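In: Sequence unavailable; structure follows:
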């Protein structure tokens, strides 16, 4: 039986980054991925602010394309913000995961592709290969980075608590250069009942004249809309009504599920098992953004694992406290806002809310969407009302 200091189950951004950090410190690390290739299940849209690259020391080769413009489109309103310089990047999700895994190997760690953890008992991890072979691994620490499946912490799905669920589907399409051009370096988000009741849609640029077009929805009833169509229906509608073409080549279709613990009541650890990434609802529920938060949480977890291996702590309670201190407040606000916008608001109210954002600068809108500083939204409302009052006063004074 082979032995490691740490076995990381799941080679997404959280698992890959955690394994990278620990292997760089000289720990023996095994990174386990259920897929046989990082090209499989290439599900993430992966748009992020520019500072993510420097913060997590990521190279240009994991980037599909930069973006410097952002649009929000509702049933009746379009608002846009832009910059002369790049504001962020869209990751190539497969290349990002492959890079992190390669770093693990270069630093002395190992990577098993095509293996799934189906059981853990104490310090023993049982891995099953695609062909059915069973491998037993001994580890001092086991990291659950299996995303919404939480397969290490909850091997028996019947014993899992209730989670709020969101479902997303995305097309990767190839389009002619003239159709691609308006979307180059541009993130487009769609809100409202026409585009995606119970959620939102998006168009993200990739390289080689490719676009990612997707829709995500919360899997719960809407307070107003009684009947909704399939997710594919809304993706096809975005392509037809907004991009305005049927001249495209469908390269790939992929989907994913987010199961999110409202109030962040996740199980963060048990004995020598510690959970990271979507396994502890690190994804922001408002916009589904998870990659940089997954790596951020993995950084916190890796420091806790170092202390655990050094005998300085006997459990991961401090890790849980740190994660809640960082995320609970802003994620709680995101929960409330997302459930109102996606499940309660009328189309007219969504139009009104997006319209009020027109008074915000590019940096202020980025603060709302990527830094979750929701006070900026109310600043926009106040600016809208103040200008309206000023116009009325000026009109009254002129009479």
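Out: Sure, I can see it. Treat the numbers as computed from the prediction; the structure is a model and nothing was measured.

In: From now on I want contacts and neighbour counts done on CA atoms only, so please keep to that.
Out: OK.

In: Just give me how far stretch 178-186 sits from the chain centre.
Out: Remark: stretch 178-186 is offset 23 Å from the chain centroid, using CA atoms, centre = their mean, to the nearest Å.

In: buried residues in that stretch?
Out: By 16 or more other CA atoms under 10 Å, the buried positions in stretch 178-186 come out as 179, 180, 183, 184, 185, 186.

In: And for stretch 209-226?
Out: 209, 210, 211, 212, 213, 214, 215, 216, 217, 218, 222.

In: Would you confirm that the last one belongs to a strand?
Out: It stands for residue 222. No - going by DSSP: H, G, I helix; E, B strand; the rest coil, the assignment for residue 222 is coil, not a strand.

In: show me the contacts for it.
Out: Residues in contact with residue 222 (CA atoms under 8 Å, 6 or more residues apart in numbering) are 197, 198, 342, 343, 344.

In: when you check those residues against the helices, which ones overlap?
Out: Mapping these onto helices (DSSP state H) picks out 342, 343.

In: out of the contacts of residue 222, who has the most neighbours?
Out: The most crowded member of these, judged by other CA atoms under 10 Å, is residue 197 (30 neighbours).

In: okay, that residue: pLDDT?
Out: At residue 197, the pLDDT value in this model is 94.

In: State the three-state secondary structure for residue 354.
Out: Under three-state DSSP, residue 354 comes out as helix.

In: sorry, back to before: any idea which of the buried residues of stretch 209-226 is closest to residue 114?
Out: residue 212 (26.4 Å; CA to CA).

In: Okay, domains of the protein per the record?
Out: 2-67+92-162+261-339, 165-259, 360-398 (automatic domain parsing).

In: Could you point out the helix or strand that follows the helix or strand residue 136 falls within?
Out: Assessed by DSSP states H and E, residue 136 sits inside strand 134-144. Remark: after strand 134-144, the chain's next helix or strand is strand 164-174, criterion DSSP H and E.

In: Please pull out the lowest mean pLDDT helix or strand from this structure.
Out: Sorting the helices and strands of the chain by mean pLDDT, DSSP states H and E puts helix 375-398 at the bottom, at a mean of 48.

In: residues in contact with the strand holding residue 136?
Out: 1-10, 15, 123-129, 150-153, 272-276, 279, 305, 309.

In: quick one: buried residues of that strand?
Out: The neighbour-count check on strand 134-144 (16+ other CA under 10 Å) flags 136, 137, 138, 139, 140, 141, 142, 143, 144 as buried.

In: Turn those into a markdown table, including pLDDT and distance to residue 324.
Out: Converted to a markdown table, the buried residues of strand 134-144 look like this (pLDDT from 0 to 100; distance: CA to CA, whole Å):
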| residue | pLDDT | distance to residue 324 |
| --- | --- | --- |
| 136 | 95 | 33 |
| 137 | 96 | 31 |
| 138 | 97 | 30 |
| 139 | 97 | 27 |
| 140 | 98 | 25 |
| 141 | 98 | 21 |
| 142 | 98 | 21 |
| 143 | 98 | 18 |
| 144 | 98 | 18 |
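
In: Parallel or antiparallel, which strands does the strand holding residue 136 pair with?
Out: According to DSSP bridges, strand 134-144 forms sheet pairs with strand 2-9 (parallel), strand 124-129 (antiparallel), strand 273-275 (parallel).

In: how about these in TSV, adding mean neighbour count and mean pLDDT?
Out: Formatted as TSV, the strands paired with strand 134-144 follow (neighbours: other CA atoms under 10 Å; pLDDT from 0 to 100):
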stretch	mean neighbour count	mean pLDDT
strand 2-9	21	97
strand 124-129	19	94
strand 273-275	28	98
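
In: Dump those to a markdown table, plus distance to residue 336.
Out: Listed next are the strands paired with strand 134-144 as a markdown table, based on distance: least, CA to CA, whole Å:
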| stretch | distance to residue 336 |
| --- | --- |
| strand 2-9 | 32 |
| strand 124-129 | 38 |
| strand 273-275 | 25 |
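
In: Can you say which two of the buried residues of stretch 209-226 are spatially most distant?
Out: Most distant of the buried residues of stretch 209-226, by CA to CA, are 209 and 222, 35.9 Å apart.

In: average pLDDT for the helix or strand that contains residue 335?
Out: Using DSSP H and E, residue 335 sits within helix 317-343. Mean pLDDT, helix 317-343: 95.

In: Please apply the same query to stretch 83-99.
Out: Computed over stretch 83-99, the average pLDDT equals 96.

In: how long is that stretch from one end to the other?
Out: This stretch, stretch 83-99, spans 29 Å end to end (CA to CA, to the nearest Å).

In: Residue 330 touches residue 370, doesn't it?
Out: No - using CA atoms under 8 Å, residue 330 makes no contact with residue 370, being 11.2 Å away.

In: Residue 277: neighbour count?
Out: Residue 277: 29 neighbours (other CA under 10 Å).

In: Need the nearest residue in space to it, chain neighbours excluded.
Out: Spatial nearest neighbour of residue 277, excluding adjacent residues (CA to CA, 6 or more residues apart in numbering): residue 294 at 4.4 Å.
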